[in-house]
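*Asks:* Return a 3D structure for these sequence lines:
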Amino acid sequence: PAPDASRWDLDRLGNPRQVFAADGTLIEARIRTAQAPARGRFLQAFVAFGVVALALGGWVGLGWAKRTWRALVHHRSAYGFVAPAMVGMILLVFLPFLYGVVLSFTNQTLYNINQPLYEVWNGLDNYVDILSDFQIRTTTEAGTAIDYQNFYWTLIFTILWTVTNVSIGVTVGLALALILNTKGLLGRPIYRVLLILPWAVPNYITALIWRGMFHQQFGVINQFIQICGGQPINWFDGWFTSFIAVLATNSWLSFPFMMVISLGALQSIPADLYEAARVDGSSRWQQFRFVTLPSLKPALVPA
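*Replies:* Next up is the predicted model:
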């Protein structure tokens, strides 16, 4: 019988490759088209290995490897003590992180997870697709819709989330620390314990409690709004109200940490500085601005 390439010119998943004609002759144009992605992946891998080789060569050739070895030998006792933590960090944090970075250069899915990474390697295609998509909002006849999976929406939202959380956490924590640091404050130990409780309660329990408080029908927040004459809000229906809800919850979780850090730093400031400032005629605000804040910077900036 005449050869039928459609019966055997298939890939491993049974899909037709169409590299051969029906009579079994090779189609050169199809071969070149099929090999083009492999050539691109090979070039990218070659460049990546070249960069790694140059980095290792520079590390050895410039003497950094020798200095590193000398430091390891000289401080071997210290490195021995921290070795268990370093091994744990490498196995539990850095290796999964690097594996995730490698996966970002592939098109691996649940359907091709059994294939080796070099067969699903697509280089920078994922990054090009993500970074070139500026369509955050689309307008149709039905209205305006936001693509919540767009990279730039996520980036803007993450920046907004970080700035607001840090601002609220530092501001509230520092204000409470200043109050607790007041001399002669009645009931200071009680206040300190009560304000640290949000930090002591497990985050999961706190999240469940706040989710119940934001419930549209039975939540205490909506009940308070109704007492004041307002209408109940479905907090998790839109992105803005959801942001407010999680911001309130995370602020509740974050201010005790900032309060403890600020309180410890406040108690380490010498009282002589405030006495000298009062002698010079400084007001309370000037003492806070020129004495307290500079003294708190080494503790607050890392926190």
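*Asks:* could you give me the average pLDDT of the host helix or strand of residue 55?
*Replies:* For residue 55, the element it lies in under DSSP states H and E is helix 28-61. For helix 28-61, mean pLDDT rounds to 86.
*Asks:* quick one: the helix or strand following it to helix 28-61, angle?
*Replies:* Once the chain leaves helix 28-61, the next helix or strand it forms, by DSSP H and E, is helix 64-74. Put simply, helix 64-74 runs at 50 degrees to helix 28-61, going by axes from the mean of the first three to the mean of the last three Cα atoms, to 10 degrees.
*Asks:* Quick one: residues in contact with helix 64-74.
*Replies:* Around helix 64-74, the neighbours that count as contacts under Cβ atoms under 8 Å, 6 or more residues apart in numbering are 58-59, 79. For glycine as for every other residue, the C-beta is placed from the backbone atoms N, C-alpha and C.
*Asks:* Show me where the stretch 201-303 of the chain has its helices.
*Replies:* All helices of the stretch 201-303 of the chain, identified by DSSP state H, counting those that start in this stretch, fall at 203-213, 220-227, 239-267, 271-279, 284-287, 293-300.
*Asks:* ranking those helices by burial, who's on top?
*Replies:* helix 239-267 (a mean of 18; mean count of other Cβ atoms under 10 Å).
*Asks:* Remind me what that one packs against, helices and strands.
*Replies:* Applying 3 or more Cβ pairs under 8 Å, 6 or more residues apart in numbering; DSSP states H and E, one finds that helix 239-267 contacts helix 151-180, helix 188-200, helix 203-213, helix 293-300.
*Asks:* Redo those as JSON lines? Include distance to residue 242 and mean pLDDT.
*Replies:* Converted to JSON lines, those look like this (distance: least, Cβ to Cβ, whole Å; pLDDT from 0 to 100):
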{"stretch": "helix 151-180", "distance to residue 242": "11", "mean pLDDT": "93"}
{"stretch": "helix 188-200", "distance to residue 242": "21", "mean pLDDT": "88"}
{"stretch": "helix 203-213", "distance to residue 242": "11", "mean pLDDT": "90"}
{"stretch": "helix 293-300", "distance to residue 242": "29", "mean pLDDT": "89"}
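*Asks:* which stretch among those comes nearest residue 284?
*Replies:* Of all these, it is helix 151-180 that lies closest to residue 284, at 10.5 Å by Cβ to Cβ.
*Asks:* Could you check the angle that closest one makes with helix 293-300?
*Replies:* Here the directions of helix 151-180 and helix 293-300 differ by 120 degrees (the same axes, to 10 degrees).
*Asks:* Tell me, how many residues neighbour residue 104?
*Replies:* Using other Cβ atoms under 10 Å, the number of residues around residue 104 comes to 12.
*Asks:* Quick check, it in contact with residue 125.
*Replies:* No - applying Cβ atoms under 8 Å as the test, residue 104 and residue 125 come out as separate, 10.4 Å apart.
*Asks:* and the closest residue to residue 269 other than its chain neighbours, how far is that from residue 124?
*Replies:* Distances taken as Cβ to Cβ, 6 or more residues apart in numbering place residue 295 nearest to residue 269, at 4.6 Å, with adjacent residues excluded. Note on residue 295: its distance to residue 124, by Cβ to Cβ, to the nearest Å, is 47 Å.
*Asks:* Next: residue 155.
*Replies:* 18 Å.
*Asks:* which phi and psi does residue 137 have?
*Replies:* Backbone torsions of residue 137, given as degrees, to the nearest 10, read phi -130, psi 140.
*Asks:* check contacts around it.
*Replies:* Residue 137 is in contact with 144-147, counting by Cβ under 8 Å, 6+ apart.
*Asks:* what's the spacing between stretch 265-276 and its chain's center?
*Replies:* 37 Å (Cα atoms, centre = their mean, to the nearest Å).
*Asks:* hmm, back to that, the residue nearest to residue 269 against residue 265, yeah?
*Replies:* Yes - using Cβ under 8 Å, residue 295 is in contact with residue 265, at 7.0 Å.
*Asks:* residues making contact with stretch 181-190?
*Replies:* With contacts defined as Cβ under 8 Å, 6+ apart, stretch 181-190 is touched by 179-180, 191, 263, 266-267.
*Asks:* can you pull the buried residues of that stretch?
*Replies:* Residues of stretch 181-190 classed as buried: residue 181 (neighbour count, 16 or more other Cβ atoms under 10 Å).
*Asks:* Between the two ends of it, how far is it?
*Replies:* Distance between the two ends of stretch 181-190: 13 Å, counting by Cα to Cα, to the nearest Å.
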